[in-house]
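Peer 1: what would the 3D arrangement of this be:
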Amino acid sequence: MGFSTTVWEWYGQDEYKRVLAVGEAQLRAFLEELMADCRRAL
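Peer 2: Numbers count the residues shown, from 1 in each chain. As a prediction, the model looks like this:
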């Protein structure tokens, strides 16, 4: 197992999950706002 693999296992996986969680939260907020705008337009 190389150094980069070890670093990825220690640090990268957790960071990747965090980045996905933040992106998902922002996307969810955007979609909720978009749906609210669509409801107002009807």
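Peer 1: just checking, what's the longest helix in this structure?
Peer 2: For the chain, the helix that runs over the most residues, judged by DSSP state H, is helix 13-41.
Peer 1: now that helix: average pLDDT?
Peer 2: Here helix 13-41 scores 86 as its mean pLDDT.
Peer 1: how far out from the middle of the chain is that helix?
Peer 2: 8 Å (C-alpha atoms, centre = their mean, to the nearest Å).
Peer 1: also stretch 30-42?
Peer 2: So, by C-alpha atoms, centre = their mean, the centroid of stretch 30-42 is 21 Å from its chain's centroid.
Peer 1: what packs against the longest helix of the chain?
Peer 2: Counting contacts by 3 or more C-beta pairs under 8 Å, 6 or more residues apart in numbering; DSSP states H and E, helix 13-41 packs against no other helix or strand. The way it works is simple: take the backbone N, C-alpha and C, and place the C-beta from them, glycine included.
Peer 1: what does stretch 3-16 rub up against?
Peer 2: Here stretch 3-16 makes contact (C-beta atoms under 8 Å, 6 or more residues apart in numbering) with no residue beyond itself.
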